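S.K.: pasting the sequence and the predicted model now:
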Amino acid sequence: MRKFYQLTRAERVQALVDAGLLSTADAHLLLADAPLPQATAEHLTENQIGQFPLPMGLVRGLRVNGLTHDVALVGEEPSVVAAANNGARMARAGGGVTVQVPPHRVAAEVVFADLAEPEAAVRLIEAQVADIKAAAAAAHPSIVRRGGGLQAVHVQQRQQFVKVTLVVDPQQAMGANIVNTIAERVGRLLGSWLHQPPLISILSNYSDDAVIATVAIPVNAVATRHADGATVARLIARTSDFAMIDIDRATTNNKGVMNGIAAATIALGNDYRAVEAGAHAYAARSGRYLPLTQWRVADDTLHGKIAVPLQLGVVGGAVGALHRAGLAQRLAGIKTVADAQALLAALGLVQNLAAVRALVGPGIQAGHMHLQAGALAVAAGATGDEVARLTQQLQAGDKTLARAQHLLALMRQERH
Ligand code: NDP
């Protein structure tokens, strides 16, 4: 039986329909290659002049908390999907990834600068939390009806600034607009008490409530063609140790983690800049930029852990307008923000495993350049069936644009 990656695109989509993961309407949407309806496109951006399609790939068999998921990834880097599938396969050897998701909260900050009596302002605000909560509820009544809204208020003086933190439960939304609406209303109320408008009233993309995912994989499962599992696992752990003391490595490590997380965030119609900003700020929360993942070996088992905050939503924002985002949710079995957060944290962890294993084994370039050949063929000008033929020819030898163009010219000469 052919593997999923060996099928044609139409066969892959049909296999997902046959497995009950997609409806026939979903299949039509995927295969139609239709752009966004113009009415949607022009409402998602100012000054719209066109559309910019990217390919959607699939990570199969990502096992998280005992259930197996298929996660769509959207992006331009060819090796990301292959690495994620490889990582998911290795994680399955250890029973999959275990994830703990914290309560979904988004904080806003209402900041006052240079108040005449900052200590008195702090005391005043702390004494009026009930009124602040009432103002927040009036600003966004529907989120309160859904069981969310403002949960807590913290006030602190920071140098010449007074900062009021509003902790909001946005339920199943990412929450940026909900929280900003609440922050601006509360800001006006506080400004009326303090006889001075706030400097800023806006959500924060920072959170130290990280999603935690762990995996424990028998070392045999990470063996490569050239090295046994115990050796590879030890090198993965040492690379992880090095990332703890070296910002050059930590940054690249985290870029690899975000390869999958960002691509899945885009597929889910979410704000990948918010997710990226939150992840990197969390990586630097100690004052030093550190890796988001850690690996160690104990008792013939490779133990991996990721801690990363994930500001995601399954409703609101652009999610409803991008039909393929709904499709990606259905495909992955995502119903709640917690589901999405668990899957994306697990994805980041297994993606990192595949990348670091390649790094300490055959090297990153072997797999990358193998997959890059297709992009090179297209860049050289190949079209139709030339792309597959040229990709094949490029596998042996230098993978440069000049060589791709030369081989394409030869191919066309032969045809004529
Ligand atoms: P929305 O403004 O779309 O708000 C979510 C809406 O979803 C709510 O108004 C609510 O409508 C509806 N909804 C339906 N069901 C639920 C449910 N179960 N739980 C919660 N809401 C539900 O989106 P967000 O507030 O999530 O904001 C996200 C957007 O904000 C993204 O597009 C992001 O790019 C953008 N943004 C990001 C910023 C940042 O990260 N710094 C800054 C500003 C914007 P109802 O009224 O019926 O309750």
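M.R.: Structure received. Numbering: from 1, shown residues only.
S.K.: ranges for the strands of this protein?
M.R.: The residue ranges that make up the strands of the chain, judged by DSSP state E, are 56-64, 67-74, 98-100, 106-113, 149-158, 161-169, 200-203, 211-218, 293-298, 301-308.
S.K.: switch those over to JSON lines; also include mean pLDDT and mean neighbour count.
M.R.: The C-beta positions use only the backbone N, C-alpha and C, and glycine is treated the same way. Written out in JSON lines, the entries for the strands of the chain read as follows (pLDDT from 0 to 100; neighbours: other Cβ atoms under 10 Å):
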{"stretch": "strand 56-64", "mean pLDDT": "98", "mean neighbour count": "22"}
{"stretch": "strand 67-74", "mean pLDDT": "98", "mean neighbour count": "21"}
{"stretch": "strand 98-100", "mean pLDDT": "98", "mean neighbour count": "18"}
{"stretch": "strand 106-113", "mean pLDDT": "98", "mean neighbour count": "22"}
{"stretch": "strand 149-158", "mean pLDDT": "98", "mean neighbour count": "16"}
{"stretch": "strand 161-169", "mean pLDDT": "98", "mean neighbour count": "21"}
{"stretch": "strand 200-203", "mean pLDDT": "98", "mean neighbour count": "20"}
{"stretch": "strand 211-218", "mean pLDDT": "98", "mean neighbour count": "22"}
{"stretch": "strand 293-298", "mean pLDDT": "98", "mean neighbour count": "20"}
{"stretch": "strand 301-308", "mean pLDDT": "98", "mean neighbour count": "22"}
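S.K.: as CSV, these with distance to Glu46 would be great.
M.R.: CSV is the format used below for these (distance: least, Cβ to Cβ, whole Å):
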stretch, distance to Glu46
strand 56-64, 25
strand 67-74, 22
strand 98-100, 38
strand 106-113, 25
strand 149-158, 31
strand 161-169, 27
strand 200-203, 20
strand 211-218, 33
strand 293-298, 38
strand 301-308, 31
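S.K.: out of those, flag the one nearest the ligand.
M.R.: Of all the strands of the chain, it is strand 200-203 that lies closest to the ligand, at 5.7 Å by Cβ to the nearest ligand atom.
S.K.: who does that closest one pair up with?
M.R.: Listed by DSSP bridges, the sheet partners of strand 200-203 and their directions read strand 106-113 (antiparallel).
S.K.: ok, residues contacting the partner strand?
M.R.: 118, 121, 160-168, 170, 174-176, 178-180, 182-183, 186-187, 190-191, 194, 196, 198-204, 206-207, 311 (Cβ atoms under 8 Å, 6 or more residues apart in numbering).
S.K.: so is that strand next to the ligand?
M.R.: No - contact between strand 106-113 and the ligand is absent, the nearest approach being 8.4 Å (criterion: Cβ under 6 Å from any ligand atom).
S.K.: using PDB, list the CA coordinates for that strand.
M.R.: Included here for strand 106-113 are C-alpha records, laid out as PDB according to Å, rounded to 0.1, in the frame of the first residue of the first chain:
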ATOM      1  CA  VAL A 106      -5.300  37.500  27.900                       C
ATOM      2  CA  ALA A 107      -4.100  40.500  29.800                       C
ATOM      3  CA  ALA A 108      -4.400  44.200  29.000                       C
ATOM      4  CA  GLU A 109      -2.400  47.100  30.400                       C
ATOM      5  CA  VAL A 110      -3.900  50.500  31.100                       C
ATOM      6  CA  VAL A 111      -0.900  52.800  31.900                       C
ATOM      7  CA  PHE A 112      -0.800  56.300  33.400                       C
ATOM      8  CA  ALA A 113       2.400  58.400  33.200                       C
END
